[in-house]
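Asker: can you look at this prediction? I've put the sequence above it.
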Amino acid sequence: MAEVFETNEIAYRACILYEAVRQTPVEDAYKNMKEVKPNVEYSEFEYWYYRFFNGQHDLNHDRNTDLGLSDMPMEVADNIVGYLGLEDKLSTRKVCRNMRAVIDNQASKFDRAVLSISDKFCDIFFDSEHIRYSSQKNRNYLLATPRKKMSLKGDHSIAAIEEFASVITHPKWSFDYLLIGFDEEDSHPENERKSVIFLNSLLSNNKFHVKFLSIDAHSFEPLAILLPHFEADKLEFECFSPMNDTNLLEVIVKMDQWKKVKEFHAGSLPDEFSIEVLFHARECYAHVKLTEDRLVKIRDILFKTSTFDRFVFHDEKEENREEHTVLVDRVMGAHDAYDPETKVYRIENSNDHIQISIKESGEDHSRSVYIERIRS
Amino acid sequence: MSVENAPVVDVDEAAIPVEKKMYYRFESNDKKEFRVSELAIQQSETLNRLVEAMGYTSEDVENKPAIAIENIDGKTLKLVFQWCEHHKGEAIPVDDGSVPKIVEIPEFDAKLMDIDNGLLFKLIWAADYLNIVQLLNVSCKKVANMAQGKTPAQLRRVYLLPSDEEDEAAKRAAQEAQDPRAREVEEEFEERKRQGGNSFF
């Protein structure tokens, strides 16, 4: 190749200009340039390629006169990253140490972080960005983000948990919604335990305030381990498997974090679950089998609390069970305060009353029992 | 300075005496002259203070030399003053420190900022230097929009930043090299720092 490209910078730039104007893909253009000038630096080539590509065709441009973010005062970088969403902040943190410092100094509030774990793959959602870690052979995993896909060494769940923990423990970031869940079908309880212990170790002594916390798992163990880290106004939880051990629940309900919850959202609660542990909340939405015993607790304990506004129990309809209306009328009707016609339960020494209503819902004709305190 | 190249922004010469508007003259570092209305200048805290301190009369504006803005070129200053004229009289937003910030880019601003990255950063630098709060906001928002969905390598091009390795290599090269050019680079850097204030990087 002619020596001119080695000695004359302008001649060499002209070759890049030719490739850029023809819109040759950057990799191919770089290969071609290697033929023209074998010892070319990629970063040097790339600078000119993109400059020409973007319509700035001046061959004599002096690179030293360029202004970039590194020439800006700190408040400019701060201003720019203030507009970035979580996913772009994470990407920008990886650009260089200075950008990481700018981002890490700025307090930010995000909507939600979700970690969903199964034996084959883990999903993370940071706001709307979806990141998937899929297990592969030979202890590799495939990382797929909207920006890239790559195969990496290691366990998919460990990598996902580390990423999730590093984001939620960021000292200046806060989230309204945090959801941690295990797949009901595709996650082994033993793996669930390992994952929770690992996540717990990464959260170390961190405490978070969130509006909504959700923990779904086979047992109450993840809730028992993770709840001490969180102060949540609303708590959603689900326990897929029957409760073998009620001790865990006893531990959970003694926690301040449990006592401070104002609203519960509970998935299918096991038969052994004592529903009175929910009664301090203002609102509660739970899938539960409404037995006579539970209705008695609702009448004798819940109705005597002044804090609750609305409890809704969803229950399946079963052929061999008493109709919900009949059961409710029988249990509530044991007291004079209840009128089966209006389904109103009067509260002694108060102008408030409790309204019960039973609605049929869904294709399976399940029943929803609404219990609302109507304030005068 | 060439008159036909003085690309001033919707100035209707004939209207000036009737409306009794005051137009100040500014000059960029490449000797381009601009006439800018008093109201438009209010968008820039820096220039507004400057003209208040100068206390020019209408005659002074015409008779005295144009006010020199030494660190901004004509191409950038033209965009700055076009923006100020378009948004003159608008309230200057106060930053309440909330993140993520909510800033909309109006159509006029979007068209004005349909420029290459290099010029966009010059515009940002000028908006910061002249303390034009809303222009700084929309131009920074524009960079943030360009950053959306990019990988760190692509982001380096958006922000026109060297990677840590390049950055360090450049610093090492500057330190190690004892030739006159290396000293020049250092001096240039110090000079830039003096001009640009507390440059962070």
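Answerer: On my side now, so go ahead.
Asker: list the contacts of the nearest residue to A:Gly82 once chain neighbours are set aside.
Answerer: Of all residues not flanking A:Gly82 in the chain, B:Lys101 sits nearest, at 4.7 Å (C-beta to C-beta, 6 or more residues apart in numbering or on different chains). (C-beta placed from N, C-alpha, C; glycine too.) By C-beta atoms under 8 Å, 6 or more residues apart in numbering or on different chains, the residues touching B:Lys101 are A:79, A:82-83, B:95, B:137, B:141.
Asker: any idea which of those residues the model trusts least?
Answerer: For those, the model is least confident at B:Asp95; its pLDDT is 74.
Asker: let me know whether that residue touches B:Gln134 as I believe.
Answerer: No - in this structure, B:Asp95 is not within contact of B:Gln134 by C-beta atoms under 8 Å, at 10.5 Å.
Asker: for chain B, which spans come out with low pLDDT?
Answerer: B:1-20, B:97-100, B:162-201 (pLDDT under 70).
Asker: and with 50 instead?
Answerer: B:1-7, B:11-19, B:177-190, B:192-201 (pLDDT under 50).
Asker: which SS class is the residue in chain B that chain A sits nearest to?
Answerer: Using C-beta to the nearest C-beta, the closest approach of chain B to chain A is made by B:Leu160 at 2.9 Å. Put simply, B:Leu160 is coil when judged by DSSP: H, G, I helix; E, B strand; the rest coil.
Asker: need the contact list for it.
Answerer: Counting by C-beta under 8 Å, 6+ apart, B:Leu160 has contacts A:66-70, B:117-118, B:121.
Asker: let's go with 10 Å and repeat that
Answerer: When contacts are counted by C-beta atoms under 10 Å, 6 or more residues apart in numbering or on different chains, B:Leu160 touches A:47, A:66-72, B:117-118, B:120-121, B:143.
Asker: so which of these is the closest to A:Ala29?
Answerer: Using C-beta to C-beta, A:Tyr47 comes nearest to A:Ala29 of these, at 12.8 Å.
Asker: that closest one: neighbouring residues, count only.
Answerer: Neighbour count for A:Tyr47, taken as other C-beta atoms under 10 Å in any protein chain shown: 16.
Asker: domains of chain B?
Answerer: B:15-147, B:162-196 (automatic domain parsing).
Asker: same check, this time on chain A
Answerer: A:4-66, A:71-106, A:108-256, A:262-376.
Asker: winner for burial among those domains?
Answerer: domain A:71-106 (a mean of 21; mean count of other C-beta atoms under 10 Å in any protein chain shown).
Asker: what is the end-to-end distance of that one?
Answerer: 20 Å (C-alpha to C-alpha, to the nearest Å).
Asker: tell me which of the contacts of B:Leu160 fall in helices.
Answerer: A:47, B:117-118, B:120-121, B:143 (DSSP state H).
Asker: which one among those gets closest to B:Ile67?
Answerer: Ranked by distance to B:Ile67 (C-beta to C-beta), those are led by B:Phe121 at 24.0 Å.
Asker: from memory the closest one sits against A:Ala77, does it?
Answerer: No - the pair B:Phe121 / A:Ala77 is not scored as a contact, 11.4 Å apart, by C-beta atoms under 10 Å.
Asker: give the helix, strand or coil label for B:Lys75.
Answerer: Relying on three-state DSSP, one would call B:Lys75 helix.
Asker: contact partners for it?
Answerer: Applying C-beta under 10 Å, 6+ apart to B:Lys75 gives the contacts B:7, B:28, B:30, B:32, B:115, B:119, B:122-123.
Asker: now the helices for the stretch 101-250 of chain A?
Answerer: A:156-168, A:189-203, A:221-226, A:247-253 (DSSP state H, counting those that start in this stretch).
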